[in-house]
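Q: dropping a prediction and its sequence here:
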Amino acid sequence: MTTPVFENKSSKYIFTWPEFVCEVGRMHVEHDRTSCQLIFTNSHDKAHILRTRLNIETNATRLKLSKDLTERCPIKDLNWGDVIEYITEKTMRELEHGEPVLTLKSTDQITPLDYLVYPLAPMGKPTAIFGDPGTGKSQLAVLLNIITSLPWSDNPLNLGAPQKSVKLLFLDYEADSDDIDRQLVRLTEGMELGYCEIEYRRCSVSLADDIEGIRNHIEEKNIGGLIVDSVSLAAGGDLNRMDVATNYIRSLRQLGQGLTTISFAHTSKDRESKNKTILGSVLFEAGFRSVWEIRANESEDSLDIALFHRKANLSKKFHDIGFRINYLPTGNTVEYLNPKSVPEFLERMSVNQQILQTLKSGMLSSEEIAQQIDAKPPTLRVNLMRLKKAGKIMGDSSGWGLSFPP
């Protein structure tokens, strides 16, 4: 038997012989049972030979598979039993070996952190954007697709775009293609952006169960990033269970190192709490490297949107981002919005930001500041002293003012 060409594709292994190809995927290890799906195709025309699921540690199942293949696809001078033995043994060794151990050195030349969309999505890392229903998550997802696809470097959101076009794969678990297409057309017409494409896929099974199909599309379409809308359905289970959260994050990792992912999620059930989190287990938030909260304030003909940086593992926390979507007869337009100008957004900002914004109207005492912002006296005192030490404000409890008035 000739030795095949072997490829480790993270979520699947591919064995290529001159006559046929075997793809091993959907691998699952549980105690003393290791099962996987095997797909055999013809090397020349990709014609189907056999698809089966196999417990690769059981002799009886391996023997039966080799007999089935001998009957279906007899090849001169080839022993299918040897082939199955090689595939199962190599698969077990790869699974047992796992990821390689790397030696990281203090003398290594590190590259600066890059972004697919600055500052929202660090390149090659998992990002989450979470918020209540109706806060414009799907519209933001379409905007991000447009920014990376064109690329739209002079966008009014002041978001950094990649230097060249990057395709995102939009995995939609909530809406359908008509909804997303309508938003794409209205935005490109309203902003006069010209031709733009979105690689869209409607999804109905969990990310973990669909990993190989998604991976195939990523390779076929030369995808550089992934948008998941939303985690609530893509996770495929009770969101409060730790294993559901870890399976979702693990699935993102299995899609390939260096793939930027942006996962849209819903907010925790307590909508009145100031400290909102992603709906479900805390392990969801733990798995993402950057987490943003999205808030919205709707009027008759527009939607004000603000993004607040809640978690940053790779950088400092960035300033809040705001923009307004206008719904016009000729299409939708987008414009920059200072989130501090919207009272509903101001209350979601840090105490420091609220103090500075409040003092723009003039000198105020500690008591007057406390009346205008939602901060407990001890917290307010600490933040006032920090701002004074930083040189941003001056005065004392009887009267505070900005060191550099607007």
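A: Noted; the coordinates are in hand. Computed from a predicted model, the values in this text were never measured in an experiment.

Q: the residue nearest the centre of the chain in helix, strand or coil?
A: Central residue of the chain (CA atoms, centre = their mean): Ile262, 2.3 Å from the mean position. Following DSSP: H, G, I helix; E, B strand; the rest coil, Ile262 is assigned to strand.

Q: what's the distance between it and Glu30?
A: Applying CB to CB, to the nearest Å, the value for Ile262 to Glu30 is 31 Å. (Each C-beta comes from the backbone N, C-alpha and C, glycine too.)

Q: same deal with Pro377?
A: 55 Å.

Q: which one of the two has more residues nearby?
A: Pro377 (10 against 7; other CB atoms under 10 Å).

Q: got the end-to-end distance for stretch 142-160?
A: One end of stretch 142-160 to the other measures 16 Å (CA to CA, to the nearest Å).

Q: now Gly124. Nearest residue, chain neighbours left out?
A: Leaving aside its chain neighbours, Gly124 sits nearest to Gly258 (4.4 Å; criterion: CB to CB, 6 or more residues apart in numbering).

Q: meant to ask about Lys221
A: Take Lys221 and drop its neighbours on the chain: the residue closest to it by CB to CB, 6+ apart is Glu199, 5.4 Å away.

Q: secondary structure class for Lys317?
A: State at Lys317, reduced to three classes by three-state DSSP: coil.

Q: ok, Gly391 - how many residues close by?
A: The burial count for Gly391: 9, using other CB under 10 Å.

Q: that one should be in a helix, yeah?
A: No. Counting by three-state DSSP, Gly391 is located in no helix; its state is coil.

Q: which ones are touching it?
A: Gly391 makes contacts with Ser403, as judged by CB atoms under 8 Å, 6 or more residues apart in numbering.

Q: if we use 10 Å, what do you get?
A: Neighbouring residues of Gly391 by CB atoms under 10 Å, 6 or more residues apart in numbering: 403-404.

Q: follow-up on the earlier one: now do the phi/psi pair for the residue nearest to Gly124.
A: The phi/psi pair for Gly258 (degrees, to the nearest 10) reads phi 90, psi 0.

Q: thinking it is in contact with Gly224, fair?
A: Yes. Counting by CB atoms under 10 Å, Gly258 does reach Gly224; the two are 9.1 Å apart.

Q: quick check: neighbours shared by these two?
A: 123-124.

Q: who has more neighbours out of the two?
A: Gly224 (20 against 9).

Q: check contacts around the more buried one.
A: Contact analysis of Gly224 by CB under 10 Å, 6+ apart lists 116, 123-124, 148, 162, 164-169, 218, 258-260.

Q: before we move on, what's the pLDDT of it?
A: Looking at Gly224, its pLDDT is 96.

Q: ok, now Asp270?
A: In this model, Asp270 is scored at 61, pLDDT.

Q: how's the protein carved up into domains?
A: Domain segmentation of the chain under automatic domain parsing yields 5-97, 115-345, 350-402.

Q: kindly reformat these as a markdown table containing distance to Leu104.
A: A markdown table is the format used below for these (distance: least, CB to CB, whole Å):
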| stretch | distance to Leu104 |
| --- | --- |
| domain 5-97 | 20 |
| domain 115-345 | 15 |
| domain 350-402 | 34 |
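
Q: how is Asp304 assigned, secondary-structure-wise?
A: Here Asp304 is recorded as strand under three-state DSSP.
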